[in-house]
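A.B. asks: No sequence on hand, only this structure:
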């Protein structure tokens, strides 16, 4: 190696280090939110007595703080139903976010189904898909009872058998090999254990 | 182009000794009789003023040597048959300039905050003088630009203008198309009304349906697991800083290649047949059936 070549390589290397010192922090800054999980948030939505087992009650609560009404989301809440093999002490909170592309679904009492206005997705009473383009059942929220109040917590997704998994975005399949094709994001919370 | 007359006298190349009005030559005949009449100050100032624009141009040109490039670009030859379809690229560029200009003025009133964005757009539309007009130009102009891009792309495709040696310019054009779509997508969220909110939710979720990387792409676009305050500022930064810069740079490369390579003739114009018929081997002539002329 000649002296000239050694200096060329050294200067180019220095330039690369200087460039990386600028580019890497900027890229890290832009992608950091992917790896950040916010604080777990619980919100009371009403006394236990407000909810029954054979129909849903619509509640609105804040899912993302600091952005006003845009951060609110809607859940349909009921007690566990013995006919469906659920424990009566359990509270079920179904998200109104369609599992197709995220439009707001509505519970239609007369049909006992959830119906999405955008592309015609239909879900049964438990939130399982029975028609249209959605790829999985409706998401649910973790629930607990504190001082006689029903509280809703982090969102989680379910498989077609209603087994809890980490929250996925709409349009992403759950269960089986899909757990690897649509990997869980670090920004979501672990699902409740044992459903 | 002869620039001698444009160059100010002090900057002209001096005459060689013994030439022109140099001191070494014989005295001009008029000096031997009566002194010439002096022009009035006003007349001399007038002459100087007349020469000022060319003096300024010459001053710039001496320091940039731009005139050669500019005349080459502006007076370049275009092929026979060039028609109105060839103006679609310029029309797209014009649409981009309109978007850039109106966007700058909208940015003077817009607030990229989830709690104030909608109110600032309402303020632009309802209170600012001509605000609704400028907002409308930006909003409808974005659709115009997308439509013009596709017409321009169709012209290039159907005229075969993407073929050698212009493939790279086609590739640059496709990147420009993608960047324009990015602009349309990120700009849609900015008014932050119900329509733009839910359209962005759906758009981000469509991005997320790509396997393996899709979920992370969604989190990157939203800057988190849910569409929130950082999503709006992120989209705003992409919309008015990141992508416009890339578009301007690529438009420069696109136009450089257009000037450098020239445009194509429309496909219905055939190359002239050579005046002297090329000798054709009898056997080949028999095979081709029409004496070697252009195929029917």
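C.D. replies: Done, it's in. Quick caveat: nothing in here was measured; it's all calculated off a predicted structure.
A.B. asks: C-alpha from now on. contacts and neighbour counts both.
C.D. replies: Will do.
A.B. asks: quick one: buried residues of the helix or strand containing residue B:139?
C.D. replies: For residue B:139, the host element (DSSP states H and E) is helix B:131-158. Residues of helix B:131-158 classed as buried: B:131-132, B:134-135, B:137-139, B:141-142, B:144-146, B:148-149, B:151-153, B:155-156 (neighbour count, 16 or more other Cα atoms under 10 Å in any protein chain shown).
A.B. asks: now swap in stretch A:33-44 and tell me
C.D. replies: A:33-36, A:42-44.
A.B. asks: helices or strands next to the helix or strand following the helix holding residue B:139 in the packing?
C.D. replies: Next helix or strand after helix B:131-158 toward the C-terminus (DSSP H and E): helix B:167-189. Where contact means 3 or more Cα pairs under 8 Å, 6 or more residues apart in numbering or on different chains; DSSP states H and E, helix B:167-189 is packed against helix B:131-158, helix B:194-208, helix B:229-237, helix B:243-261.
A.B. asks: Using the three-state scheme, assign residue A:13.
C.D. replies: Of the three states, residue A:13 takes helix under DSSP: H, G, I helix; E, B strand; the rest coil.
A.B. asks: And residue B:191, how close does it get to residue A:73?
C.D. replies: According to Cα to Cα, to the nearest Å, residue B:191 stands 20 Å off from residue A:73.
A.B. asks: Of these two, which one has the most company?
C.D. replies: Neighbours per residue, other Cα atoms under 10 Å in any protein chain shown: of residue B:191 and residue A:73, the larger number sits with residue B:191, 22 against 16.
A.B. asks: Might one say that residue A:65 is in contact with residue A:71?
C.D. replies: Yes - at 6.0 Å, residue A:65 counts as touching residue A:71 under the criterion of Cα atoms under 8 Å.
A.B. asks: residues near residue B:263, how many?
C.D. replies: The burial count for residue B:263: 16, using other Cα under 10 Å.
A.B. asks: Contact partners for it?
C.D. replies: Listed by Cα atoms under 8 Å, 6 or more residues apart in numbering or on different chains, the contact partners of residue B:263 are B:78-79, B:161.
A.B. asks: For these, pick the one with the most neighbours.
C.D. replies: residue B:161 leads the contacts of residue B:263 on contacts (other Cα under 10 Å) with 20 neighbours.
A.B. asks: ok, and the closest non-adjacent residue to it?
C.D. replies: Distances taken as Cα to Cα, 6 or more residues apart in numbering or on different chains place residue B:264 nearest to residue B:161, at 6.0 Å, with adjacent residues excluded.
A.B. asks: what are the phi and psi values for that neighbour?
C.D. replies: Residue B:264 has phi and psi values of phi -90, psi 150 when expressed as degrees, to the nearest 10.
A.B. asks: Relative to residue B:70, how far out is it?
C.D. replies: With Cα to Cα as the criterion, residue B:264 and residue B:70 are 21 Å apart.
A.B. asks: hang on, the earlier thing: nearest to residue A:107, of the contacts of residue B:263?
C.D. replies: In terms of Cα to Cα, no member of those lies closer to residue A:107 than residue B:161, at 55.0 Å.
A.B. asks: wait, residue A:42 sits on residue A:154?
C.D. replies: Yes - using Cα under 8 Å, residue A:42 is in contact with residue A:154, at 7.4 Å.
A.B. asks: For chain B, which residues are neighbours of chain A?
C.D. replies: B:114-115, B:198, B:201-202, B:205-206, B:208-209, B:211-216, B:219-220, B:223-229 (Cα under 8 Å from any Cα of the partner chain).
A.B. asks: among those residues, which ones are buried?
C.D. replies: For those, buried by 16+ other Cα under 10 Å: B:114-115, B:198, B:201-202, B:205-206, B:208-209, B:211-212, B:214-216, B:219-220, B:223-229.
A.B. asks: Now for the residue nearest to residue B:151 when sequence neighbours are not counted, how many residues are close by?
C.D. replies: In space, and not counting its chain neighbours, residue B:151 is closest to residue B:88: 6.9 Å by Cα to Cα, 6+ apart. Neighbour count of residue B:88, defined by other Cα under 10 Å: 19.
A.B. asks: wait, doesn't residue B:88 sit right on residue B:156?
C.D. replies: No - under the criterion of Cα under 8 Å, residue B:88 is not in contact with residue B:156, lying 9.7 Å apart.
A.B. asks: for chain A, longest strand please?
C.D. replies: In chain A, assigned by DSSP state E, the strand with the most residues is strand A:149-158.
A.B. asks: Next one: residue A:175 relative to residue A:108, how far apart?
C.D. replies: Applying Cα to Cα, the value for residue A:175 to residue A:108 is 28 Å.
A.B. asks: Surely residue B:95 touches residue B:144?
C.D. replies: Yes - using Cα under 8 Å, residue B:95 is in contact with residue B:144, at 7.1 Å.
A.B. asks: and residue A:86, that's in a helix?
C.D. replies: No - counting by three-state DSSP, residue A:86 falls outside a helix, being coil.
A.B. asks: show me the contacts for it.
C.D. replies: Residues in contact with residue A:86 (Cα under 8 Å, 6+ apart) are residue A:80.
A.B. asks: What's the separation between residue B:176 and residue B:250?
C.D. replies: 7 Å.
A.B. asks: Just want to check the distance between the residue nearest to residue B:161 and residue B:154.
C.D. replies: For residue B:264, the distance to residue B:154 - Cα to Cα - is 14 Å.
A.B. asks: what's the answer for residue A:32, then?
C.D. replies: Taken as Cα to Cα, the span from residue A:32 to residue B:154 is 41 Å.
A.B. asks: Kindly report the same for residue B:134.
C.D. replies: 30 Å.
A.B. asks: For chain A, what's its nearest residue on the stretch 1-150 of chain B.
C.D. replies: Residue of the stretch 1-150 of chain B nearest chain A, by Cα to the nearest Cα: residue B:114 (5.5 Å).
A.B. asks: That residue - that's part of a strand, no?
C.D. replies: No - checked against three-state DSSP, residue B:114 lies outside a strand; its state is coil.
A.B. asks: can you pull the contacts of it?
C.D. replies: Counting by Cα under 8 Å, 6+ apart, residue B:114 makes contact with A:67-68, A:70, B:192, B:228-229, B:232.
A.B. asks: just the buried members of those?
C.D. replies: Looking at the contacts of residue B:114 with 16+ other Cα under 10 Å, the buried ones turn out to be A:67, A:70, B:192, B:228-229, B:232.
A.B. asks: could you dump those residues to JSON lines with distance to residue A:138 and pLDDT?
C.D. replies: Formatted as JSON lines, the buried ones among the contacts of residue B:114 follow (distance: Cα to Cα, whole Å; pLDDT from 0 to 100):
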{"residue": "A:67", "distance to residue A:138": "24", "pLDDT": "78"}
{"residue": "A:70", "distance to residue A:138": "20", "pLDDT": "81"}
{"residue": "B:192", "distance to residue A:138": "26", "pLDDT": "93"}
{"residue": "B:228", "distance to residue A:138": "21", "pLDDT": "84"}
{"residue": "B:229", "distance to residue A:138": "25", "pLDDT": "84"}
{"residue": "B:232", "distance to residue A:138": "26", "pLDDT": "94"}
